[in-house]
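In: okay, here's the prediction I keep looking at, along with the sequence it came from:
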Amino acid sequence: MFAKLALREVFLFVLCLLCWRLDALARPLGGASAFGAALLAALGTVLVAFLAHEWGHLAGARWRRSVVYPPRSLVSVFVFHFDTERNDARQFVAMSVGGFVVSALVVALLIAVLPLDALSGRIALALVAIGVIATLILEVPAAWKVAHGAPLPPGPPRPA
């Protein structure tokens, strides 16, 4: 299933690149078509950035040989399930840090490559920044607590 998920992500990345091409073509036209193309490119970028963050979590989990399970469906936005009953704190922290590192790299890459003079680039960067802030609020405290001795937070039940 992980191979299928990787192919899905490649497809979504290519689709995102095509949205950026559409944005570049529509920008000179202005109006609703330019705004729609900008929004599509920005939303595609947010999705790809989120999925990269999730793959970063998976890489961190795999680095520490964590027990993980793929989702049952390709429709899932999460790329794996982390077994909190079979993994330890060190594995949880590695899994967490993997997502944080990839998010930081994605933000740096986006700052370097997005057309920040265009509406699409500004929207994409703003939405990704909101996602990173959400990560800081939702994920960092749990990782910090576990790194300092708290028990692993209960995760969702293992997919059947």
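Out: Right, received. Where do you want to start?
In: and the closest residue to residue 155 other than its chain neighbours, backbone torsions?
Out: Spatial nearest neighbour of residue 155, excluding adjacent residues (C-beta to C-beta, 6 or more residues apart in numbering): residue 84 at 4.2 Å. The way it works is simple: take the backbone N, C-alpha and C, and place the C-beta from them, glycine included. As for residue 84, its main-chain torsions (degrees, to the nearest 10) stand at phi -70, psi -20.
In: residue 132 versus the residue most central in space within the chain, what's the distance?
Out: Closest residue to the average C-alpha location of the chain: residue 50 at 1.9 Å, with C-alpha atoms, centre = their mean. Using C-beta to C-beta, to the nearest Å, we find residue 50 at a distance of 10 Å from residue 132.
In: what residue ranges in the chain score low on pLDDT?
Out: In the predicted model of the chain, residues 157-160 satisfy pLDDT under 70.
In: please, where are all the strands along it?
Out: Taking DSSP state E, the strands of the chain run over residues 68-69, 81-82.
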